[in-house]
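Undergrad: Coordinates for the following, if possible.
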Amino acid sequence: MTTTTAALKRRAIGTIVRQFGHPRGLPGRVAGWIMAHRGSNVRRNRWAVSLLDVRPTDRVLEVGFGPGIAIAELAGRATRGRVYGVDHSEVMVRQAGRRNAAAVRARRVELIHASADRLPGFDEPLDAILSVNSLGFWPDAVDHLRRLRGLLRPGGRIALTTQPRSPGADAGTTARAARELQDLLARAGFTGFRVETLDLDPPAACVLAENPAGGPS
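TA: Coordinates of the predicted model:
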């Protein structure tokens, strides 16, 4: 491989990597395909959904749904409920819409193009909220978590999942990230914390919490 070819390859890879935060255009479509087909990503999303203990009649929201892997899992569990998804990427809304086309047509899934700081209103309180590797893109995490808490019924659940992607990330990196997520949730008024870990490389962590009775303070 020539120096020029190697440089072009690195540039192309860098372009795709930057798309994971906010997929746009053709590079964003490629990033979405990678997210939908990478084994660790699929496993992490399905695992996070399993921890939420979604019931058939639950109303669930995923913030930052990407290509819609977890949305499909949620829809398979909330069979008589409603699954909402919010993502700031039009490319991901389209990809997730195709992946969940039948559930969207049946009005069991609604995918909304919006950012985390411009969440839509819902006609009834939610039972559960999920976010997988998206909180790091929120400009004010505590404020957004307070808004999410306001959407949950008393006793409603939230699950924040992270798998650090920084160079050299290991189990210690994941443990620190989990503690940071728990701190953010506590500052937003959530209680009843539980931390679960998935054996990936590096490990993924899911911090679960509840909206205490009485609603947001």
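Undergrad: what about the helices in the chain?
TA: Here the chain has its helices, by DSSP state H, at 3-19, 25-37, 39-51, 69-77, 90-99, 101-105, 141-151, 171-187.
Undergrad: residues contacting A103?
TA: A72, A75, V83, V109 (CB atoms under 8 Å, 6 or more residues apart in numbering). Backbone N, C-alpha and C define where each C-beta goes, glycine included.
Undergrad: Just the pLDDT at it, thanks.
TA: According to the prediction, A103 has pLDDT 97.
Undergrad: and what of V195?
TA: Reported pLDDT for V195: 98.
Undergrad: Bridged to it, which residues?
TA: For V195, the beta-bridge partners are V207 (DSSP bridges).
Undergrad: Could you double-check that it lies in contact with A178?
TA: Yes: between V195 and A178 there is a contact under CB atoms under 8 Å: 5.2 Å.
Undergrad: shared neighbours of those two, anything?
TA: Residues touching both V195 and A178 by CB under 8 Å, 6+ apart: A205, V207.
Undergrad: Give me the more crowded residue out of those two.
TA: More crowded of V195 and A178, by other CB atoms under 10 Å: A178, with 23 against 14.
Undergrad: quick one: contacts for that one?
TA: A178 sits next to T162, V195, T197, A205, V207 when contact means CB under 8 Å, 6+ apart.
Undergrad: Can you tell me, leaving aside adjacent residues, what's nearest to the fourth one?
TA: The reference is to A205. Counting by CB to CB, 6 or more residues apart in numbering, A205 lies nearest to A178, which is 3.9 Å off, once chain neighbours are set aside.
Undergrad: Low-confidence bits of this structure, can you list those?
TA: For the chain, the stretches flagged by pLDDT under 70 are 1-37, 39, 214-217.
Undergrad: thought I129 was touching R157?
TA: Yes: using CB under 8 Å, I129 is in contact with R157, at 7.4 Å.
Undergrad: residues near E62, how many?
TA: E62: 30 neighbours (other CB under 10 Å).
Undergrad: Could you number the chain from 413 rather than 1 from now on?
TA: Okay, using 413 as the starting number, the last item reads as E474.
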